[in-house]
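1. A predicted structure for the sequence below; I have some questions about it.
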Amino acid sequence: MRFQVVILAAGQGKRMNSDLPKVLHPLAGKSLLGHVVDTARELVSEHICVVHGHGGELVKAALTGDDLAYALQVPQLGTGHALQQALRHLTKAPITLVLYGDVPLVRAATLRTLLEAASKGVAVLTAELADPTGYGRILRNKAGRVTGIVEQKDATAIQRRICEINTGIMALPTAKLALWLPKLQNRNAQKEYYLTDVIALAVKDRLPVVGVKADDAGETEGVNSRVQLARLERVYQQRLAAQLLEAGVTLIDPQRFDQRGTLHCGRDVQIDVNCIFEGAVSLADGVSIGANCVIKDVAIGAGTRIEPFCHLDGAQVGAGCRIGPYARIRPGSHLAAEVHIGNFVEIKASDIGDGSKANHLSYVGDSTVGRNVNIGAGTITCNYDGANKHRTVIEDDVHIGSDVQLVAPVRVARGVTVGAGTTVWKDSPAGGLIINPKSQEHRAGWQRPRKATKAKK
């Protein structure tokens, strides 16, 4: 089926109380409009036209693509007026699907049903609400056919009791739409040109109008305030959580889970509470994520355990690793298998070999660490000279004591032991011990300083 999409995204969103255009506010890490555009692309539409207005340049900069066109609506005089601005951007695709930039959760499957219903005329997506206040009502004749849509402010008392509402989403024959749009009038309480008035024109032209009721009214909800945005965030997160649970992932509390990108999980993955997943994250079989972790653009190997309060960003973590608690793995880091990174350890742009450990209070940056290396507590790589970053190389089977400074560029050769408190600034040969000469003395009878005693009054 050939079709195109028009997304209405020109509204200011005054109730958001923000300088950011409403459709660019984020839901699950992606703009509201971004969700709608992605859905349109999932449907494989021929062409997408976004009607923008307030903050138009920001909207155009936020989303780009060869399949996108933009139409400016200034001033905003209603949904029908918005389609009039888009008219010159439309292609010859026989069906035009109208979506809204602030209705982010509508499912592609629902829209496919709507498009199929539009093959013979006009299809309108409706929903049944317990409280339809504020929405346009669907008018049907005795045979159940849609005859029109009346807005809340123009509805009679009897019409306001109708619970089937217009979501605004509809699929229309493009050729007919081009004829109907110039006929719209603004004889209503808002003095606006309503797209819904094309329904009456379709009926007048004896074109079938089909009302397709959404199975889940929640997917048709729009965002007009931060309260509604917060509610939809939880709706969306619960939808994602349900999918993970059905796939066999253990979520300790699905209500305290946030996915802001893509999350691929293997078998027997367990995720504790208050974890945030951003960007593209992959968790292999048997991975365990402790509470209060932030995981962004990370691939984690099978059987790895991430303890609570860890932050991983732009890294690859091998199988069987133990990370944290309170560890930070920064972009460009690659951890091989069986690596242990402990509490208050930071790894940045470094490769850590199989079986190596940094269990306490250390910083390893711009480094290549070999296999079976032990990095003691308080060790740091001094990689920045104030202008440039330099690399530290620690070869296999090195043992580094506590409180060691490795001043890059420097290489510690295979099998070396570095004594506690040592500063290493020269490359070493393999094996042996690196220490800085130190002396220690004991002064017998030495007394600690004491605070002066205040005289009593």
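-> Great, that's in hand.

2. elements contacting the lowest-mean-pLDDT helix or strand in the chain?
-> Taking mean pLDDT, DSSP states H and E as the measure, strand 146-150 is the helix or strand of the chain with the lowest mean score, a mean of 89. Contacts defined by 3 or more CB pairs under 8 Å, 6 or more residues apart in numbering; DSSP states H and E place strand 146-150 against strand 137-140, helix 198-204, strand 209-213. Where C-beta positions appear, they are placed from N, C-alpha and C, glycine not excepted.

3. what's the angle between it and strand 209-213?
-> 70 degrees (axes from the mean of the first three to the mean of the last three CA atoms, to 10 degrees).

4. Make 442 the starting number, not 1.
-> Okay, using 442 as the starting number, the last item reads as strand 587-591.

5. okay, the next helix or strand after strand 587-591 in PDB with CA atoms only?
-> Moving toward the C-terminus from strand 587-591, the next helix or strand (DSSP states H and E) is strand 605-614. The C-alpha coordinates for strand 605-614 follow below in PDB (Å, rounded to 0.1, in the frame of the first residue of the first chain):
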ATOM      1  CA  GLU A 605     -16.100   7.800  21.700                       C
ATOM      2  CA  ILE A 606     -13.600  10.500  20.900                       C
ATOM      3  CA  ASN A 607     -11.600  11.600  17.900                       C
ATOM      4  CA  THR A 608      -7.900  11.100  18.300                       C
ATOM      5  CA  GLY A 609      -7.100  13.400  15.400                       C
ATOM      6  CA  ILE A 610      -5.300  10.600  13.600                       C
ATOM      7  CA  MET A 611      -6.800   9.800  10.200                       C
ATOM      8  CA  ALA A 612      -6.000   8.300   6.800                       C
ATOM      9  CA  LEU A 613      -7.500  10.100   3.800                       C
ATOM     10  CA  PRO A 614      -7.500   9.800   0.000                       C
END
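
6. Check which helices and strands strand 605-614 sits against.
-> With 3+ CB pairs under 8 Å, 6+ apart as the test, strand 605-614 has strand 536-541, helix 549-558, strand 563-569, strand 578-581 packed against it.

7. Parallel or antiparallel, which strands does the third one pair with?
-> Paired strands of strand 563-569, with direction, are strand 605-614 (antiparallel), strand 650-654 (parallel) (DSSP bridges).

8. Run the chain-centre distance for the longest one.
-> What it means is strand 605-614. Taking CA atoms, centre = their mean, to the nearest Å, the mean C-alpha location of strand 605-614 is offset from the chain mean by 28 Å.

9. I'd assumed residue 836 was in contact with residue 855.
-> Yes - here residue 855 reaches residue 836: they are 4.1 Å apart, a contact under CB atoms under 8 Å.

10. Which pLDDT value goes with residue 898?
-> Per-residue confidence (pLDDT) for residue 898: 65.

11. In TSV: the helices and strands packed on strand 587-591, plus distance to residue 565 and mean pLDDT.
-> Output for those, formatted as TSV (distance: least, CB to CB, whole Å; pLDDT from 0 to 100):
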stretch	distance to residue 565	mean pLDDT
strand 578-581	7	93
helix 639-645	7	92
strand 650-654	5	93
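
12. Which one of those lies nearest to residue 527?
-> Among the helices and strands packed on strand 587-591, the nearest to residue 527 by CB to CB is helix 639-645 (13.6 Å).

13. Give me the contacts around the closest one.
-> The contact list for helix 639-645 (CB atoms under 8 Å, 6 or more residues apart in numbering) reads 521, 562-563, 565, 587-590, 613, 617-618, 621-622, 624-625, 650.

14. again, only this time at 6 Å
-> 563, 588-590, 621, 650 (CB atoms under 6 Å, 6 or more residues apart in numbering).

15. Off-centre distance for that helix?
-> With CA atoms, centre = their mean as the basis, helix 639-645 stands 40 Å off its chain's centre.

16. Please apply the same query to stretch 450-466.
-> So, by CA atoms, centre = their mean, the centroid of stretch 450-466 is 19 Å from its chain's centroid.

17. what mean pLDDT does that stretch have?
-> Averaged across stretch 450-466, pLDDT comes to 92.

18. start to end distance for it?
-> One end of stretch 450-466 sits 12 Å from the other (CA to CA, to the nearest Å).

19. And stretch 827-839, by the same measure?
-> 28 Å.

20. Which positions within it qualify as buried?
-> 831-839 (16 or more other CB atoms under 10 Å).

21. ok, so of these, who is nearest residue 597?
-> Among the buried residues of stretch 827-839, and counting by CB to CB, the member closest to residue 597 is residue 832, at 76.5 Å.

22. Which residue, neighbours along the chain excluded, lies closest to the closest one?
-> residue 807 (5.1 Å; CB to CB, 6 or more residues apart in numbering).

23. now do residue 503
-> residue 465 (5.6 Å).

24. My impression was that residue 788 belongs to a strand - is that right?
-> Yes - counting by DSSP: H, G, I helix; E, B strand; the rest coil, residue 788 is part of a strand.

25. beta partners of it?
-> With DSSP bridges applied, residue 788 shows beta-bridge pairing to residue 770, residue 805.

26. Next, the contact list for it, please.
-> Contacts of residue 788 (CB under 6 Å, 6+ apart): 770, 774, 805.

27. how about 7 Å then?
-> Counting by CB atoms under 7 Å, 6 or more residues apart in numbering, residue 788 touches 770-771, 774, 782, 805.

28. can you check residue 543 too?
-> By CB under 7 Å, 6+ apart, the residues touching residue 543 are 452, 463-464, 473, 663-664.

29. one step back: my guess is the residue nearest to residue 503 meets residue 501, correct?
-> No - look at residue 465 against residue 501 with CB atoms under 7 Å: they stay out of range, at 10.9 Å.

30. Nearest spatial neighbour of residue 850, chain-adjacent residues omitted?
-> Among residues not flanking residue 850 along the chain, residue 831 sits closest, at 4.3 Å (CB to CB, 6+ apart).

31. Which pLDDT value belongs to that neighbour?
-> pLDDT, read off for residue 831, is 96.

32. quick one: it and residue 642, what's the gap?
-> Between residue 831 and residue 642 the distance is 72 Å, computed by CB to CB, to the nearest Å.
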